[in-house]
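Novice: Quick one: sequence and predicted model below, then my questions.
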Amino acid sequence: HLSIRRQRQMCIRDSISGGDIGSIRGPIGLGFSSSPQVTDLAGNLLSSTTASGVVQGYIIDRSNPTVTMTSSRAILGGTNPRSSISFSIDFPSSGNFTIDDIAVVGGTLTDFIGSGQTFSATLTAAAGFQGNGRLSIKSGAFTSDSGNTNRASTDLVIPIDMIAPTVLSVDRISANGAYGASSSVDIAVNFSENIRISGSPTLLLETGATDRTAVFLSFTQSQAIFRYTVNPGDNSSDLNYQTTSALVFAGSSISDIAGNQATLTLPDLNSADSLRSRADLVIDTTAPTAPGSPTINVTGGRVVNGFINGTNTGLSAQVAVTSTDYTLGGRAELLANGVVIASTSNMASPVLVALDSSTSQALQQLIPSGNVEFRLRVFDAAGNFAISSASSRTADFIAPRVTISASVPAPLGAGQFTTSFWWSETVTGFDCVVNVTYTNLSGSGCSQSGATFSRTVTAASNVEGIAKVEMVASNISAGVFDSAGNPAP
């Protein structure tokens, strides 16, 4: 539209249309096209298309600003409760964006500064807060320099932990039972949250006259594990820590992931969460009372007091023990000349240990020949032991043998001679009259000297043939035995 205001001035009012003006952001202006045809009424061309006055410029801004927030720390807590927060706005908002536009959960914002498109502040975690801290800016909270309201921001989430770990309970890792000297007992301290440990904290235990320290072994998630090695002289009927202050840093650090140092106070000594209540650990380094001599019982075959022979098939030993030594469950071993030949578990009083044998051959494989000292080694549940006095027996598994000899003239003719029976050892039950068969010979009496028996015999008269002196099994059916009870074959 053209209008003439004065003879030498005209005003052009133009309307812009066409295209997607809503997508345009930035400067916009009007200018002559190349080689415009502008003339006065006489037809003279316009001499210049360059404006001689101030050029008016305009900016189109149809965009809503958005804030991007970042934190200098990934997690807050412990020795690091503060973080620097940066705010970046994609369109200038000087004077319009303030700290009041920011909603905070889990802490407070201070030291808010900035202008244009860049701002910063300090976030301080709230004492006692544990969870996800959050910063958010709702839609329409502020405007850009062009007057457009902001879009809602993407929340900035920062994990915050301002609560120190605490001890929930103390428990066993090792099995319940009794432990003796040099045994290892592993103990767990359970915390309220996952922990990290550097260094070597310690746990002091109540172990009798001298309290012992359990050393740090390892940790996993919310559990710290300590190991106690039993020393000679340690004793406890129900193992527990010494006091509620028994867990100490000892130059180490126990903290959660956020860096909060743990509170090391242990549960009350008699509470349900104490080691004493949650475990049944007995520390016992006192040896049982040494028992007296065991009673040895031999069974099977011919039993002879003080001996073990080749006909016996079983043997057991029995001795009384002090009741306190086996009430928690112990065991015992039967020794023959110091070698274990039998054992039993779940000891009671009196202790009875029997050989696992049912034949004489099995028994002879376990017991040596000669003088044998039998002892019982008695263990309590913790493995402490005492050895009884000895009971002796003579083990003889060799049967007696006999050799027959005589000084006889050849040919015999009529006359006397002496027949001798040489036994390998002293025997009972032998009679050189009853137990011997004589052919073409006669005699009387039977003399003995130790293991040798003798008889004088006379050849039968008016006999021509062979004279015999012999022993067969039927001759000794009544039994000839050595002193141990072994029968002659």
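Specialist: Thanks, I have the structure now. Numbering: from 1, shown residues only.

Novice: CA atoms for contacts and neighbours, from now on please.
Specialist: Noted.

Novice: Give me the distance from the longest helix that the chain contains to the chain's centre.
Specialist: The single longest helix within the chain, with elements called by DSSP state H, is helix 360-366. Chain-centre distance of helix 360-366: 42 Å, with Cα atoms, centre = their mean, to the nearest Å.

Novice: List the buried residues in it.
Specialist: 360, 363-364, 366 (16 or more other Cα atoms under 10 Å).

Novice: Report the backbone C-alpha coordinates of it in PDB.
Specialist: Coordinates of each C-alpha in helix 360-366 appear next as PDB, following Å, rounded to 0.1, in the frame of the first residue of the first chain:
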ATOM      1  CA  SER A 360      40.600-114.800  65.200                       C
ATOM      2  CA  GLN A 361      42.400-113.800  62.000                       C
ATOM      3  CA  ALA A 362      40.900-110.400  62.100                       C
ATOM      4  CA  LEU A 363      41.800-109.900  65.700                       C
ATOM      5  CA  GLN A 364      45.400-111.100  65.100                       C
ATOM      6  CA  GLN A 365      45.800-108.500  62.400                       C
ATOM      7  CA  LEU A 366      45.000-105.700  64.900                       C
END
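
Novice: what pLDDT, on average, does it get?
Specialist: For helix 360-366, mean pLDDT is 94.

Novice: Toward the C-terminus from that helix, list the very next helix or strand.
Specialist: Counting by DSSP states H and E, the next helix or strand C-terminal to helix 360-366 is strand 370-379.

Novice: what's that next one in contact with?
Specialist: 287-288, 290, 293-294, 296, 317, 319, 325, 330-338, 385-396 (Cα atoms under 8 Å, 6 or more residues apart in numbering).

Novice: ok, then the element right after it?
Specialist: Beyond strand 370-379 toward the C-terminal end (DSSP H and E), the next one is strand 385-387.

Novice: Parallel or antiparallel, list what pairs with that following strand.
Specialist: When pairing is defined by DSSP bridges, strand 385-387 lines up against strand 370-379 (antiparallel).

Novice: Can you point out the buried residues in the partner strand?
Specialist: By 16+ other Cα under 10 Å, the buried positions in strand 370-379 come out as 372, 374-379.

Novice: Which residues are in contact with the residue nearest to Ser136 when sequence neighbours are not counted?
Specialist: Distances taken as Cα to Cα, 6 or more residues apart in numbering put Asp155 closest to Ser136, at 4.8 Å, once the chain neighbours are dropped. Neighbour list for Asp155: 69, 134-137 [criterion: Cα under 8 Å, 6+ apart].

Novice: What of Asn132?
Specialist: 106, 157-160.

Novice: May I ask which of those has the most neighbours?
Specialist: Within the contacts of Asn132, most neighbours by other Cα atoms under 10 Å means Ile160, with 26 neighbours.

Novice: Distance-wise, check that one relative to Ser146.
Specialist: 37 Å (Cα to Cα, to the nearest Å).

Novice: Same question for Asn64.
Specialist: Distance from Asn64 to Ser146, by Cα to Cα: 9 Å.

Novice: in stretch 242-253, what counts as buried?
Specialist: Those would be 242-243, 246-249, 253, for stretch 242-253 by 16+ other Cα under 10 Å.

Novice: a markdown table for the residues you listed, including distance to Thr313, secondary structure and pLDDT?
Specialist: Formatted as a markdown table, the buried residues of stretch 242-253 follow (distance: Cα to Cα, whole Å; DSSP: H, G, I helix; E, B strand; the rest coil; pLDDT from 0 to 100):
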| residue | distance to Thr313 | secondary structure | pLDDT |
| --- | --- | --- | --- |
| Gln242 | 55 | coil | 97 |
| Thr243 | 59 | coil | 97 |
| Ala246 | 59 | coil | 97 |
| Leu247 | 60 | strand | 97 |
| Val248 | 63 | strand | 96 |
| Phe249 | 64 | coil | 92 |
| Ser253 | 67 | strand | 93 |
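
Novice: Can you tell me which of the buried residues of strand 370-379 lies closest to Asn150?
Specialist: Among those, Phe379 lies closest to Asn150 (Cα to Cα), at 83.1 Å.

Novice: ok, what's across the strand from that closest one?
Specialist: What pairs with Phe379, by the bridge criterion (DSSP bridges), is Arg331, Phe385.

Novice: show me the residues around Ala272 that make contact.
Specialist: Arg278.

Novice: now Thr344
Specialist: Per Cα under 8 Å, 6+ apart, neighbours of Thr344: 331-333, 352-353.

Novice: where does it land on pLDDT?
Specialist: 87.

Novice: Then Tyr58?
Specialist: At Tyr58, pLDDT is 61.

Novice: same deal with Ser47?
Specialist: Confidence score, pLDDT, at Ser47: 71.

Novice: can you check Ala250 too?
Specialist: For Ala250, pLDDT reads 88.

Novice: Please apply the same query to Asp40.
Specialist: Value listed for Asp40 in the pLDDT field: 73.

Novice: neighbours around it, how many?
Specialist: 9.

Novice: Repeat that for the one 4 residues further on.
Specialist: Asn44 has 10 neighbouring residues, counting by other Cα under 10 Å.

Novice: what kind of secondary structure is Ser474 in?
Specialist: Three-state call for Ser474 (DSSP: H, G, I helix; E, B strand; the rest coil): helix.

Novice: What's the separation between it and Asp101?
Specialist: Using Cα to Cα, Ser474 is found at 124 Å from Asp101.

Novice: Of these two, which one has the most company?
Specialist: The residue with more neighbours, out of Ser474 and Asp101, is Asp101; 15 against 10, by other Cα under 10 Å.

Novice: what two of the contacts of Asn132 are the furthest from one another?
Specialist: Pairwise over the contacts of Asn132, using Cα to Cα, the maximum falls at Gly106 and Val157, 10.2 Å.

Novice: Between these two, which contacts overlap?
Specialist: 132-134.

Novice: out of these, who's nearest Phe97?
Specialist: Nearest member of the shared contacts of Gly106 and Val157 to Phe97, counting by Cα to Cα, is Arg134, at 18.5 Å.

Novice: Please, which helix or strand holds that closest one?
Specialist: Secondary structure assignment for Arg134, by DSSP H and E: strand 130-136.

Novice: same question for that strand, mean pLDDT?
Specialist: 95.

Novice: Partner strands of that strand and their direction?
Specialist: strand 103-105 (antiparallel), strand 156-161 (antiparallel).

Novice: could you redo those strands as CSV and give each row distance to Met347 and mean pLDDT?
Specialist: What follows is those, written out as CSV (distance: least, Cα to Cα, whole Å; pLDDT from 0 to 100):
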stretch, distance to Met347, mean pLDDT
strand 103-105, 66, 97
strand 156-161, 55, 95
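
Novice: Same list (these) but as CSV, adding distance to Ile257.
Specialist: Shown next, in CSV, are the strands paired with strand 130-136 (distance: least, Cα to Cα, whole Å):
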stretch, distance to Ile257
strand 103-105, 20
strand 156-161, 9
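
Novice: Which among those strands is found nearest to Ser447?
Specialist: Of the strands paired with strand 130-136, nearest to Ser447 by Cα to Cα is strand 156-161, at 107.7 Å.

Novice: Contacts for the closest one, please.
Specialist: The contact list for strand 156-161, computed with Cα under 8 Å, 6+ apart, reads 69-71, 74-78, 106, 125, 128-136, 258, 260.
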